[in-house]
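Please find the sequence and the predicted model below.
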Amino acid sequence: MSKVAGIAVLLAGGLLAATLCFGAPASPSQIPSIFKPESTPADSIFRLSLLVLSITGLIFAVVFSLLVYSVAKYRRRGADDGREPPQVYGSNQVELAWTVIPVLIVLVLFLATARVIHSIQDARKPSGAIEVIAIGHQFWWEFRYPALGVVTANELHVPVSDPADSSPTFITLLSADTDHSFWVPRLAGKTDLIPNRVNHTWIDPHETGLYLGQCAQYCGIQHAKMLLRVYVDSPEQFDQWVHEQKRPAVANGSVEEGRQIFETTACVNCHAVSGTVADGRFGPDLTHLMSRDTIASGAAPNTPDNLRTWIQDPDSIKPGSLMPAMKLSEKDLDALIAYLETLR
């Protein structure tokens, strides 16, 4: 399969997965399209793609027109005696043209592409930039804000960037297991996460809202459901979100039974909840689980019923996931769900 065909299949599979898992986007602005950039890196890539499309489209039009002209003008007619027309051997002008023109076209495309690559990969980091570490796991995303002391999963929050006073978000990309690829089409090009290698990307969204993305590198059986959501908040909303994420988990006495079940089962081996003995790092941090709109890396809306199903039978939502089935009794499951619902 060609690279272009592979990308087309990937896009189709990703969009289908997003539609099945999220439902139809709430608005056209949420469609993960590269043709509606809302961030400087994505806009640079989009403009480059238009230039390449224009040049290659012009080449196609010229070649196709000449081909049609030749087929029509020199087609065999009934009166032809079958002999070949006079042959022309060698033309310095033609040979010079078909050598110089392609070289100039390739040079223009090379310089334009190099300029965009340089502007994205060597972008200056302002002093007020937000820094995030994104870690790809099979099959979910971990987001850490080192300077802010915040850890979350699958749903990245960033402040909107004013074009007049840019405040971008710089993302360090790491992998915990195998190859992944971070891609939010409307915000930036895709960048791979490779084991034992550090990669970087950055975004500076110009409009608030929700932007959908996903892992764009086949990473295992649940690759198609390794989705992510980027929430672009106003500065005030982002500050409020950070403030709430910094708070430790608070649970009242009515859910103490559920907390004890959580802390005495295998949950603590994989998950962390601040203020408790749970300090696992294999699975997502659950300190503010109910502040997220989805669970299982976007595979299902975050509702009590879906949470119950996810705990008891993860394969029914995400076959092949590394989340084990807990097999709790109905009483213990009710208590555990009641406790998890307090983690906001």
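Noted; the coordinates are in hand.

Sketch out the helices for the stretch 1-150 of the chain, chain order is fine.
In the stretch 1-150 of the chain, the helices defined using DSSP state H, counting those that start in this stretch lie at 3-22, 40-73, 92-121.

looking at those helices, which is closest to His223?
When these are ranked by proximity to His223, the top entry is helix 3-22, at 8.7 Å, counting by Cβ to Cβ. (Each C-beta comes from the backbone N, C-alpha and C, glycine too.)

Low-confidence regions, the stretch 151-300 of the chain specifically.
251-253 (pLDDT under 70).

if we can go back for a sec, looking at the helices of the stretch 1-150 of the chain, which is closest to Trp140?
Set against Trp140 and scored by Cβ to Cβ, those come closest in helix 3-22, at 12.9 Å.

as a whole number, average confidence for the closest one?
The pLDDT scores in helix 3-22 average 41.

pretty sure Pro195 is in contact with Asp177, am I right?
Yes. In this structure, Pro195 sits in contact with Asp177. The criterion is Cβ atoms under 8 Å, and the distance is 6.9 Å.

what about the two, which has more around it?
Asp177 (15 against 12; other Cβ atoms under 10 Å).

Neighbours of Phe139, how many?
25.

make that Leu104, sorry
Per other Cβ under 10 Å, the neighbour tally for Leu104 reads 10.

Retrieve the pLDDT associated with it.
For Leu104, the pLDDT comes out at 96.

Which stretches in this structure count as strands?
Applying DSSP state E to the chain gives strands spanning 130-137, 140-145, 150-153, 155-159, 169-175, 180-183, 191-193, 199-203, 209-215, 227-233, 294-295, 300-301.

Of these, which stretch is the most buried?
strand 180-183 (a mean of 25; mean count of other Cβ atoms under 10 Å).

got the contact list for that strand?
Under the criterion Cβ atoms under 8 Å, 6 or more residues apart in numbering, residues 134, 136, 171, 173, 189-193, 201, 213-217, 219, 226, 228 lie in contact with strand 180-183.

right, and the helices of the stretch 1-150 of the chain - which one's nearest Pro205?
Evaluated with Cβ to Cβ, these place helix 40-73 nearest to Pro205, the distance being 9.1 Å.

State the mean pLDDT of that closest one.
Averaging pLDDT along helix 40-73 gives 95.

let's number from 33 now, not from 1
Got it, the first residue is 33 from now on, which makes the last one we talked about helix 72-105.
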